[in-house]
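K.L.:
Model the following, please.
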Amino acid sequence: MRTLFLGDVMGRAGRAAITDRLPDLRARLKADFCVVNGENASSGVGLSGAHAKTLLDAGVDCLTLGDHAFDQKDMLGFIDTEPRILRPLNFAKQAPGRGHRLYTDARGRKILVLQVLGQVFMKRAYDDPFSAVDAVLRAHPLGGQAQMILVDVHCEATSEKMGMGHFCDGRASLVVGTHTHVPTGDAQILPGGTGFQTDAGMCGDYNSVIGMDKAEPMRRFVTGMSKGRFQPALDEATLSGVLVETDDRTGKATAIHMIRDGGRLQPSAP
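P.N.:
Here you go, the predicted structure:
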């Protein structure tokens, strides 16, 4: 199976890149299933129901969220009507929606997708992400009910993302980090057969400060004072993520490839 994961969609530029380029990208990569983190797709904070529908209509099979899961208030009701959207496992217990779900690709193979929030350097003290993930993985052994298992670990610290990768090694097909919007160059297959990348990067305009128009963040860094709100950058977005190939029998990764499509981060020859 070939599964495509794309990192945090950032504002209008990120949405446009998904709608304009994802169908062709999926075809070129021969991706059987596509998961996208939609955490920042609506004005850079959260995901609205309308924008979720736009991304799903473009060919996304599953949307994950993050710490801004319900910043767009209509998602509080929308998520219960759309099973293709997941909020973090260890979010508030009263939160609507689910943090994991089994999906089926066009050939009938089962894909388990789950997302969890980290604790280190995050603004809120979320429940323990490791025990939350462990409970789901114990109930869904890799290569059993699920032919592919994908874990989106949404957190600030690279060490915590790496820790989750090794914690899930041999029990998940892919563990991939989101949240920091900066792609890392460490795509690898861990010793137990789990594909891993510390951060997928964002689907947004990289002529920016993590997807935001440069002017206001730079003003605050230089002067310590604010003049206005952060606004998403609007030039051409790069689609950033990872493609993992897995064995249908064991669910383990056989190959992993970093994805950079369009915008400023397209790979160039040395």
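
K.L.:
Where does Lys53 sit: helix, strand or coil?
P.N.:
With DSSP: H, G, I helix; E, B strand; the rest coil as the basis, Lys53 sits in helix.

K.L.:
That one: neighbouring residues, count only.
P.N.:
Lys53 has 13 neighbouring residues, counting by other CB atoms under 10 Å. C-beta: built from backbone N, CA, C; applies to glycine.

K.L.:
Quick check: phi and psi at Met212.
P.N.:
Dihedral angles of Met212 (phi, psi; degrees, to the nearest 10) stand at phi -100, psi 140.

K.L.:
Over to Lys161?
P.N.:
Dihedral pair for Lys161: phi -60, psi -40, per degrees, to the nearest 10.

K.L.:
Same question for Ala157.
P.N.:
Main-chain torsions, Ala157, degrees, to the nearest 10: phi -80, psi 130.

K.L.:
Could you measure from the residue nearest to it when sequence neighbours are not counted over to Asp71?
P.N.:
Nearest in space to Ala157, with sequence neighbours left out and distances taken as CB to CB, 6 or more residues apart in numbering, is Val120 at 3.9 Å. Relative to Asp71, Val120 is positioned 21 Å away (CB to CB, to the nearest Å).

K.L.:
which of those two has more neighbours?
P.N.:
Ranked by neighbour count (other CB under 10 Å), Val120 and Asp71 place Asp71 first, with 18 against 13.

K.L.:
roughly how far apart are the more buried one and Gly241?
P.N.:
Distance of Asp71 to Gly241, computed by CB to CB: 23 Å.

K.L.:
before we move on, back to that, surely the residue nearest to Ala157 meets Glu160?
P.N.:
Yes. At 4.8 Å, Val120 and Glu160 qualify as touching, with contact defined as CB atoms under 8 Å.

K.L.:
Can you give the distance of the lowest-mean-pLDDT helix or strand in the chain from its chain's centre?
P.N.:
Using mean pLDDT, DSSP states H and E, helix 215-223 stands out as the lowest-scoring helix or strand of the chain, at a mean of 91. When distances are taken as CA atoms, centre = their mean, to the nearest Å, helix 215-223 is centred 28 Å away from the chain's centroid.

K.L.:
Likewise for stretch 132-148?
P.N.:
For stretch 132-148 - counting by CA atoms, centre = their mean - the centre lies 19 Å from the chain centre.

K.L.:
What are the buried residues along it?
P.N.:
Buried positions in stretch 132-148, judged by neighbour count with 16 or more other CB atoms under 10 Å: 132-133, 136-137, 140, 142-143, 146-148.

K.L.:
Next, count neighbours for Thr238.
P.N.:
So Thr238, with other CB under 10 Å, has 25 neighbours.

K.L.:
what about the spatially closest residue to it that is not a sequence neighbour, helix or strand, and which?
P.N.:
Closest residue to Thr238 apart from its sequence neighbours, by CB to CB, 6+ apart: Gly263 at 3.2 Å. For Gly263, there is no host helix or strand (DSSP states H and E).

K.L.:
Might you list the low-confidence residue ranges for the stretch 151-270 of the chain?
P.N.:
Within the stretch 151-270 of the chain, the segments meeting pLDDT under 70 span 268-270.
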